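Student: Predicted model follows, preceded by the sequence.
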Amino acid sequence: DAKTTQPNSMESNEEEPVHLPCNHSTISGTDYIHWYRQLPSQGPEYVIHGLTSNVNNRMASLAIAEDRKSSTLILHRATLRDAAVYYCIHKAAGNKLTFGGGTRVLVKP
Amino acid sequence: DAGVTQSPTHLIKTRGQQVTLRCSPKSGHDTVSWYQQALGQGPQFIFQYYEEEERQRGNFPDRFSGHQFPNYSSELNVNALLLGDSALYLCASSLFDGDSYNEQFFGPGTRLTVL
């Protein structure tokens, strides 16, 4: 199964940016990089995905290394509501998502 | 538009019993995937249904089975429950993903406790 490596936890102050790293050295050329997050007592929710180019949406930005072996999820201004476990996944065709342990983000007021 | 719904919210069973969990996908979605999430861990893929057939399966025993109905809703059945089956069971719906980029929408889950 596809494997990613993420730090167990990160802390940030409210209104400051958060950079969440992910290593996915076994990624194949056609795998997309997906990020999901799971707020307390909820199911995971989609954050962003990309293939080769950097991506932006209303929730976050995704910076993908040129060799695609790593990526960084950027939350530009963390709010208390962004406290969650963030999962980085590289995903082949088909709907299966292989979750790792994720990074627990703590946002301090 | 209702998102993914799951029932029941919570369930308590005893070892050896059987359980059925239900999922209604987001409107317009045709694919349902089921995940098991133990406390403090990431979700683990159980299986995926599309066109009423199991398309992919994770590393789970045959005690775990499922079904998809013509309206795309789905059931997860677990037989001969073990204490280790206690977990949050998540259902996710999506469009069938031949190109690997479709996002999945998750329900709130069913918390199963096996005593």
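Tutor: Arrived safely, thanks for sending. Note that this is a predicted model, so its numbers are computed, not measured.

Student: Mind listing the strands the strand or helix carrying residue A:106 pairs with, and their directions?
Tutor: Assigned by DSSP states H and E, residue A:106 falls within strand A:103-108. Sheet pairing of strand A:103-108 (DSSP bridges) gives strand A:9-13 (parallel), strand A:84-91 (antiparallel).

Student: Mind listing what's buried along it?
Tutor: Going by neighbour count (16 or more other CB atoms under 10 Å in any protein chain shown), the buried part of strand A:103-108 is A:103-105, A:107. Bear in mind the C-beta positions are built from the backbone N, C-alpha and C, glycine included.

Student: And for stretch B:15-32?
Tutor: B:19, B:21-26, B:29, B:31-32.

Student: Just to be sure, which of the residues you listed are found in strands?
Tutor: Secondary structure from DSSP state E places B:19, B:21-24, B:31-32 of those in strands.

Student: isn't residue B:29 right next to residue B:94, touching?
Tutor: Yes - assessed by CB atoms under 8 Å, residue B:29 is found in contact with residue B:94 at 5.7 Å.

Student: Identify the contacts common to the two.
Tutor: The contact sets of residue B:29 and residue B:94 overlap at residue B:105 (CB atoms under 8 Å, 6 or more residues apart in numbering or on different chains).

Student: then the helix or strand of chain A with the lowest mean pLDDT to CSV, C-alphas only?
Tutor: One helix or strand of chain A scores below all others by mean pLDDT, DSSP states H and E: strand A:84-91, with a mean of 91. C-alpha atoms of strand A:84-91 as CSV (Å, rounded to 0.1, in the frame of the first residue of the first chain):
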residue,chain,number,x,y,z
ALA,A,84,-7.7,18.8,13.3
VAL,A,85,-5.7,15.7,12.2
TYR,A,86,-4.4,16.3,8.6
TYR,A,87,-3.8,13.3,6.4
CYS,A,88,-1.5,13.3,3.3
ILE,A,89,-2.4,10.5,0.9
HIS,A,90,-1.0,9.6,-2.6
LYS,A,91,-3.7,7.9,-4.5
